[in-house]
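Engineer: Provided below are the primary sequence and the corresponding predicted coordinates.
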Amino acid sequence: MDAEKLRQKLAAWRIRIPWLAATPVDTLDRTFPPPDPPLDFSVVAADGSSIPPDRHSPLLYYVINTGYAVLTYGGRPDALLDSKGRLYFEDADLYISPDGKRIPIEGARLGVKRAVEELETLLEAARLAAPPMVALGDGSLILWHLQSEEAEVRDTFLRRFLRHLDEFRAARVPIASYISRPGSRDVANALRIWLCRHDPSDCAGCALPPEERALCAFLGTAWDRQLFEGLLAPGERSEVFDSASAILDRYGDHRIQFFYLNVGGEVVRIEAPQWVVRDGGMLRLVHALVYDQCRRSPDYPPYPPALQEAHEQAVITTAERRLVQGLVERALAERGIVYARSAKDRSKRTRGV
């Protein structure tokens with residue numbers, strides 16, 4: 001398959017393509033063995049969890065807790081583990097108010113806010129680590145949910161997110177994200193576009209012969225990870241691909257690209273800003289250290305120990321959730337406010353006759 005012709009076809013048909021289809025940056029099927037890691041290096045990871053706002057409570061609030069791990073390997077091994085939590089309850093924390101509207105920070109918006117807080121914690125942790133290092137996040141660096149938000153909401157979150165990426169780039173710290181069992185079809189969809197001779201938005205009028213139509217139908221149900229399971233040996237990565245997500249048009253120089261990596265037991269998706277991917281040294285360091293992390297994992301399929309430790313720091317236990325509620329009740333009581341939940345919530349907590 002000619003990758004250049006595929007790029008031209010994707011560019012020409014972009015407006016008619018009904019699915020996310022990745023663009024190959026170079027070739028399509030070249031593979032790369034894992035580079036050797038440096039003798040001394042650090043892996044920094046961050047993760048987060050939250051207590052969402054509860055509309056049945058007399059006080060609206062939410063909690064975001066972010067944890068980090070700084071693992072140092074080589075001649076002077078070390079580990080730094082910590083977390084920070086914050087209770088948000090003021091109007092400026094609970095709502096975004098463009099043009100007098102009060103748009104609540106809840107659901108997907110709370111997820112985006114947590115992603116921004118995780119990136120900030122990752123940046124702070126990276127300042128504690130000795131280079132060379134890789135800063136690793138869990139989940140996508142693409143803020144998908146912002147695509148459907150109002151401009152003020154989108155820009156409020158995106159400004160902080162991109163400012164943190166600016167600081168990573170200024171510090172020459174490669175940042176990447178690790179997605180286990182990815183549910184993406186971007187590359188498979190690009191192959192469907194290669195096959196298509198008609199119009200991808202009109203599959204009912206398909207002009208492909210039956211055998212190619214069957215292949216296209218298969219690609220429409222296949223995950224990218226399944227395609228690369230047969231292509232990548234343990235430790236090998238794929239070529240780099242450019243995502244077609246619309247929100248990335250607002251990322252500027254931080255546009256996110258990705259590749260697939262066989263970590264031994266599963267194929268994962270690694271995302272990084274294009275300034276990381278375009279720098280050969282940074283790209284090799286990300287490849288080497290992520291695979292090295294998975295080789296150190298005691299689990300199967302493996303998972304990076306730095307991310308596991310960051311998750312342990314970030315998780316909010318059931319006991320801690322009850323503690324937060326108790327502290328809120330006490331604070332309200334000190335001000336003469338009775339902590340009374342809604343009638344609907346009370347009915348759910350009480351057995352009927």
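Structural biologist: Received, thanks. Quick caveat, the model's predicted, so the values are computed rather than measured.

Engineer: Check the offset of the host helix or strand of W13 from the chain's centre.
Structural biologist: Taking DSSP states H and E as the definition, W13 sits inside helix 3-13. Between the centre of helix 3-13 and the centre of its chain there are 27 Å (CA atoms, centre = their mean, to the nearest Å).

Engineer: Mind listing what's buried along that helix?
Structural biologist: Neighbour-count burial for helix 3-13, with 16 or more other CB atoms under 10 Å as criterion, is recorded at A3, L6, R7, K9, L10. (Glycine included, C-beta is placed from N, CA and C.)

Engineer: for stretch 315-334, same thing?
Structural biologist: Neighbour-count burial for stretch 315-334, counted by 16+ other CB under 10 Å, picks out I316, V324, V328, E329, L332.

Engineer: what do you get for stretch 165-183?
Structural biologist: L165, F168, R169, V173, P174, I175, A176, S177, Y178, I179, S180, P182.

Engineer: And the residue nearest the centre of the chain, its phi and psi?
Structural biologist: Geometric centre of the chain, nearest residue: S140, 1.6 Å, by CA atoms, centre = their mean. In terms of degrees, to the nearest 10, the main-chain angles of S140 are phi -80, psi 150.

Engineer: for R159, same thing?
Structural biologist: With angles defined as degrees, to the nearest 10, R159 sits at phi -60, psi -50.

Engineer: where's it relative to D253, distance?
Structural biologist: To D253, R159 is 15 Å away according to CB to CB, to the nearest Å.

Engineer: Now do the contacts for the closest residue to R237 other than its chain neighbours.
Structural biologist: Once flanking residues are discounted, R237 sits nearest to L261: 4.5 Å by CB to CB, 6 or more residues apart in numbering. By CB atoms under 8 Å, 6 or more residues apart in numbering, the contact list for L261 reads L232, E236, R237, S238, V267, V268, R269, I270, H287, V290, Y291.

Engineer: make it 6 Å
Structural biologist: Residues near L261 by CB atoms under 6 Å, 6 or more residues apart in numbering: R237, V268, I270.

Engineer: most surrounded residue in those?
Structural biologist: With neighbours taken as other CB atoms under 10 Å, the top of those is R237, carrying 27 neighbours.

Engineer: picking that back up, can I get the buried residues of stretch 165-183 in JSON lines with secondary structure and pLDDT?
Structural biologist: Shown next, in JSON lines, are the buried residues of stretch 165-183 (DSSP: H, G, I helix; E, B strand; the rest coil; pLDDT from 0 to 100):
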{"residue": "L165", "secondary structure": "helix", "pLDDT": "98"}
{"residue": "F168", "secondary structure": "helix", "pLDDT": "98"}
{"residue": "R169", "secondary structure": "helix", "pLDDT": "98"}
{"residue": "V173", "secondary structure": "coil", "pLDDT": "98"}
{"residue": "P174", "secondary structure": "coil", "pLDDT": "98"}
{"residue": "I175", "secondary structure": "strand", "pLDDT": "98"}
{"residue": "A176", "secondary structure": "strand", "pLDDT": "98"}
{"residue": "S177", "secondary structure": "strand", "pLDDT": "98"}
{"residue": "Y178", "secondary structure": "strand", "pLDDT": "98"}
{"residue": "I179", "secondary structure": "strand", "pLDDT": "98"}
{"residue": "S180", "secondary structure": "coil", "pLDDT": "97"}
{"residue": "P182", "secondary structure": "coil", "pLDDT": "97"}
